[in-house]
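K.L.:
here is a sequence together with a model predicted from it:
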Amino acid sequence: MPELPEVETVARELRVLILGKTIQDIEVVWYKSFDNQSSIPISGQVIKKVGRKGKYLSLQLTRSALVIHLRMTGQLLYSTHFDYDNTHIRAKIRFNDTTELLFKDTRKFGRIYHVNDAGDILYKIGMDAIDPTLDVDLFKSLVKKSSVNIKSFLLAQNKIAGVGNIYADESLHRAGIHPASLSNKIPDVKLRNLHTHLLDILHTAIENMGSTISDYRDSYGNVGNNQRFFRVYQRTGEACLNCSMPISKVR
DNA sequence: CTTGTTGCCTGTCTGC
DNA sequence: TGCAGACAGGCAACAA
């Protein structure tokens, strides 16, 4: 499931692939996958900027914006030909040079929102996890304000955006913090550690083009490489790389 | 305000 | 081999 590093990988690729292209039209195959909240026509608009905040991708157009969330199985595949497999394709963004950006989403949880301004969707989301202004002190103060367990805190997108199950589990393990630990009871030293490891893990995952569990693909249809380096995620029953005890699943 | 619960979806896996 | 049911999981909507 795409989290920050996977969405960042797609964003970087899309900057190369579709920036400056003019949209011919959008073909919506599954109506729920496309949520049109703007009356501004999409046809004829140019992709001015590709952004990302948390797990959301934003395409700034000439006069409006497309905000995209891939949820679990969403993919944005760039296509230059017409003989692709249409299975699970929920929408097609066609450009006037005959290339297309295909929104493939097996489980139909993902969404493309068309809005006047990307902020209409993104305002409710917290600070991006790799935003440089989210320094140790700010990170600590956010965690200390929360009474939920630390794993739930990391997953809460209105607090810090972009972290999902994979990178929450990996960073907590690396920092030596049990996921059920209460956020406001974790000592400063451990929080400092968590901040360092979270950033390191996210940046490393971006360098590795993200992690592919099952469905994640980049815009070229390629899998990521980062799943090879998991130390706890989906390693239930296997030996812990720190203490060699079998890893058990808690929820 | 916070926290918890439910529904959205379909492919894959488990047990009979 | 077939089939029912559990499971996976991010987030919106809703309830408390």
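P.N.:
Yep, it's here. Numbers count the residues shown, from 1 in each chain, chains lettered A, B, ... in the order given.

K.L.:
what residue ranges in the stretch 51-200 of chain A score low on pLDDT?
P.N.:
For the stretch 51-200 of chain A, applying pLDDT under 70 flags no range at all.

K.L.:
residues of it that sit close to DNA strand C?
P.N.:
Proximity of the stretch 51-200 of chain A to DNA strand C (C-beta under 7 Å from any atom of the strand) is limited to residues A:Gly54, A:Lys55, A:His69, A:Arg71, A:Met72, A:Arg107, A:Phe109, A:Lys124, A:Leu155, A:Gln157, A:Gly164, A:Asn165. For glycine as for every other residue, the C-beta is placed from the backbone atoms N, C-alpha and C.

K.L.:
and stretch A:169-185, does that touch DNA strand B?
P.N.:
No. For a cut-off given as C-beta under 7 Å from any atom of the strand, stretch A:169-185 has no contacts with DNA strand B; the smallest distance is 8.2 Å.

K.L.:
A:Phe139 versus A:Gly126, what's the distance?
P.N.:
Distance, A:Gly126 to A:Phe139, by C-beta to C-beta, to the nearest Å: 11 Å.

K.L.:
residues that sit against both of those two, list them.
P.N.:
Counting by C-beta atoms under 8 Å, 6 or more residues apart in numbering, the shared contacts of A:Gly126 and A:Phe139 are A:Ile160.

K.L.:
which residue of these two possesses the greater neighbour count?
P.N.:
More crowded of A:Gly126 and A:Phe139, by other C-beta atoms under 10 Å: A:Phe139, with 20 against 17.

K.L.:
burial of the closest residue to that one other than its chain neighbours, as a residue count?
P.N.:
Once flanking residues are discounted, A:Phe139 sits nearest to A:His195: 4.5 Å by C-beta to C-beta, 6 or more residues apart in numbering. A:His195 sits with 21 neighbouring residues when counted by other C-beta under 10 Å.

K.L.:
which parts of chain A are strands?
P.N.:
Ranges of strands in chain A, per DSSP state E, are A:23-28, A:34-36, A:47-53, A:56-61, A:65-69, A:74-79, A:89-95, A:100-105, A:111-115, A:127-128, A:160-161.

K.L.:
right, so of those strands, which gets closest to DNA strand B?
P.N.:
With C-beta to the nearest atom of the strand as the criterion, DNA strand B lies closest to strand A:100-105 of those, at 8.8 Å.

K.L.:
can you count the residues close to A:Lys249?
P.N.:
When neighbours are counted by other C-beta under 10 Å, A:Lys249 comes out with 9.

K.L.:
also A:Thr204?
P.N.:
The number of residues near A:Thr204, taken as other C-beta under 10 Å, comes to 13.

K.L.:
contacting residues for it?
P.N.:
A:Asn226, A:Phe229 are the contacts of A:Thr204 under C-beta under 8 Å, 6+ apart.

K.L.:
pull out the buried residues from the longest helix seen in chain A.
P.N.:
Using DSSP state H to define each element, chain A has its longest helix at helix A:188-207. By neighbour count on 16 or more other C-beta atoms under 10 Å, the buried set for helix A:188-207 is A:Lys190, A:Leu191, A:Asn193, A:Leu194, A:His195, A:His197, A:Leu198, A:Leu199, A:Ile201, A:Leu202, A:Ala205, A:Ile206.
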